[in-house]
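Student: Build the 3D model from these lines:
(one chain, ligands or ions: 2)
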Amino acid sequence: MNSEEFVQEMLEPIHAFCRTLDAQPPAYSYIPLKSDEERIRVMKSRLFNELRAADLFGTWLKTTPELDVKATMAESAHEEMTHAQLLSKRIQELGHDPFDYKPLPAQIAMFNAMEGLLDTCERIAGLSLAGETVANYLIQMCLKSPAVPEWIKQPYRRITEDEEGHGSIPQQFLKRYAVTPERQDRVRRAVAMRMVLFPEYLASLDRWAMGKAAW
Ligand SMILES: [Fe+2]
Ligand SMILES: [Fe+2]
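Tutor: Ligands and ions are numbered 1, 2, ... in the order given. Got it, this is the predicted structure:
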């Protein structure tokens, strides 16, 4: 399969999942939330994601031989830290402690699973292609929704500038490097894994943020 077709095939289930979120926006998008207490819970959970993403990009530098990917990962590690700073500042301004958050079990599982990915292409596929595509889709939903207060939209407008700026980079890297059957198989599995784990995290964030369950 040529690499263009391959990447399009990988994007299909990701885009299909995004479309399912339209009808019922998750807590992650802030749209269904009714109180600032709920909104702060989601922001703390998403702050954890920014920090964990920065950790992963940084951790992977040493084991990424492809120089262009390595350079992008280094930039991404810095960007994710900037996002973490924006969110932690906003949480503090609202009078809360950004760092008293205990990550949800499904959230820990999702990041630990990604940390176990060893090949450049499967890392890009799991963290960036599958994860950031869904995350960016939900940020756009959030920014467009009149149900989300301005104090939440502010930091995300800054975050989305970064994320949109490099939206197609994971696709370019996969077209360049996922060119053997072995690598394509790893990518396919990494996308499938993330598409199992991400909805599980979103569902537990729904339950916890809206006060219906411990996680
Ligand atoms: Fe981010
Ligand atoms: Fe990101």
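
Student: okay, now the closest residue to ligand 1 within the chain: neighbour count?
Tutor: Scanning the chain for the residue nearest ligand 1 gives His83, at 3.8 Å (criterion: CB to the ion). For glycine as for every other residue, the C-beta is placed from the backbone atoms N, C-alpha and C. For His83, the neighbour count with other CB atoms under 10 Å is 24.

Student: Please tell me the pLDDT value assigned to it.
Tutor: We have a pLDDT of 97 for His83.

Student: pretty sure it contacts Arg52?
Tutor: No: here His83 lies out of contact with Arg52, judged by CB atoms under 8 Å, at a distance of 11.5 Å.

Student: Enumerate the residues of the protein near ligand 1.
Tutor: By the rule CB under 5 Å from the ion, the part of the chain lying against ligand 1 is 50, 80, 83.

Student: Give the other helices and strands that the helix or strand the second one falls within contacts.
Tutor: Put plainly, it is Glu80. Glu80 is part of helix 67-93 when elements are defined by DSSP states H and E. Other elements packing on helix 67-93 under the criterion 3 or more CB pairs under 8 Å, 6 or more residues apart in numbering; DSSP states H and E are helix 36-60, helix 150-165, helix 169-177.

Student: Moving along the chain from it, name the first helix or strand you hit.
Tutor: Defined by DSSP H and E, the subsequent element after helix 67-93 is helix 105-115.

Student: Packing partners of the very next helix or strand once past that next one?
Tutor: Counting by DSSP H and E, the element after helix 105-115 in chain order, helix or strand, is helix 120-123. Applying 3+ CB pairs under 8 Å, 6+ apart, we find helix 120-123 packed against helix 169-177, helix 181-209.

Student: nearest to Leu129, of the ones you listed?
Tutor: Taking CB to CB, helix 169-177 is the member of the helices and strands packed on helix 120-123 nearest to Leu129, at 4.4 Å.

Student: that older thread, could you dump the helices and strands packed on helix 67-93 into CSV with mean pLDDT added?
Tutor: Formatted as CSV, these follow (pLDDT from 0 to 100):
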stretch, mean pLDDT
helix 36-60, 98
helix 150-165, 92
helix 169-177, 97
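
Student: Can you add mean neighbour count and give those helices back as TSV?
Tutor: What follows is the helices and strands packed on helix 67-93, written out as TSV (neighbours: other CB atoms under 10 Å):
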stretch	mean neighbour count
helix 36-60	20
helix 150-165	15
helix 169-177	19
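
Student: Using JSON lines, lay out the ones you listed together with distance to Ala125.
Tutor: Below are the helices and strands packed on helix 67-93 laid out as JSON lines (distance: least, CB to CB, whole Å):
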{"stretch": "helix 36-60", "distance to Ala125": "13"}
{"stretch": "helix 150-165", "distance to Ala125": "17"}
{"stretch": "helix 169-177", "distance to Ala125": "7"}
